[in-house]
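Novice: Generate coordinates for the sequence data below:
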Amino acid sequence: MNIPIDYNKMQAELDKRHYMSQVYISNIETWKPTQLGLKTYGKWCDLVGWENLHQEIGWGSTDDFMNLAIKRKWVERYYSFEEKQNVCSPTKFGHDLFRTFEYWIDEKAQKRIARKRQMNKIAKEGGKFMAVTLPQIISGITKFLGGTTPPKSKTKKRTKKKTTTKKKPKEQPRDINNPSWDNWSKAENSEWWKL
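Specialist: Here you go, the predicted model:
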């Protein structure tokens, strides 16, 4: 289960412990780590096995720091059967606290989050535009065109042609003894004198 981090709550905690301080650089408010914060973060990474994003200062974890982390509820200590020794694993509070610290020391992460917020804002604004403004535009266009709606195109349904052969009408037997005009007109090869 991935529960999002409450950065505001964690910022207050980092500020209270003097791990970060709020500064203004070029009229922009930001948070910067203190030396105590970097030292604590380096020990934390060594204790729980995280990759230290600030490699310049690599502090090793000690038993005193482990006891402090357990006392402050940053880690829990348990026995690992795979490693056959006691292992420290971060609690939700410790994880969120130091992920917030990492967020403020990693400028790329800050830019990524700012870009994501901006994209969400644009998407939200675009959704409002589509829901509210688009129907008004369409109704304005239809009023401009005289209120007529475009005719619906009628599609013809294709039917299969039947492939039956036409029957020839039955021919009446000719009566040779009764000379009539019908018989004369139907005479074959125009040999009317044989009728």
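Novice: now for the longest helix along the chain, which elements pack on it?
Specialist: Determined from DSSP state H, the single longest helix within the chain is helix 107-144. Helix 107-144 is packed against helix 92-105, with contacts defined by 3 or more CB pairs under 8 Å, 6 or more residues apart in numbering; DSSP states H and E. The C-beta positions use only the backbone N, C-alpha and C, and glycine is treated the same way.
Novice: buried set for the helix it packs on?
Specialist: Neighbour-count burial for helix 92-105, counted by 16 or more other CB atoms under 10 Å, picks out 94-98, 100-105.
Novice: likewise stretch 105-115?
Specialist: Neighbour-count burial for stretch 105-115 [16+ other CB under 10 Å]: Ile105.
Novice: what's it in contact with?
Specialist: 33, 38, 41, 53-54, 102-104 (CB atoms under 8 Å, 6 or more residues apart in numbering).
Novice: quick one: average pLDDT of that stretch?
Specialist: The average pLDDT for stretch 105-115 rounds to 79.
Novice: Any idea how far it is from the middle of the chain?
Specialist: Averaging C-alpha positions (CA atoms, centre = their mean, to the nearest Å) puts stretch 105-115 21 Å from its chain's average.
Novice: domains for this structure, by residue range?
Specialist: 7-105, 108-148 (automatic domain parsing).
Novice: Mean neighbour count, the ones you listed: which tops it?
Specialist: The highest mean neighbour count among the domains of the chain, using mean count of other CB atoms under 10 Å, belongs to domain 7-105: a mean of 15.
Novice: Pull up the distance across that one, start to finish.
Specialist: 14 Å (CA to CA, to the nearest Å).
Novice: returning to what we had before: compile the domains of the chain into JSON lines and extend it with columns for distance to Lys160.
Specialist: Putting the domains of the chain into JSON lines (distance: least, CB to CB, whole Å) gives the following:
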{"stretch": "domain 7-105", "distance to Lys160": "69"}
{"stretch": "domain 108-148", "distance to Lys160": "37"}
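Novice: Sounds good, over and out.
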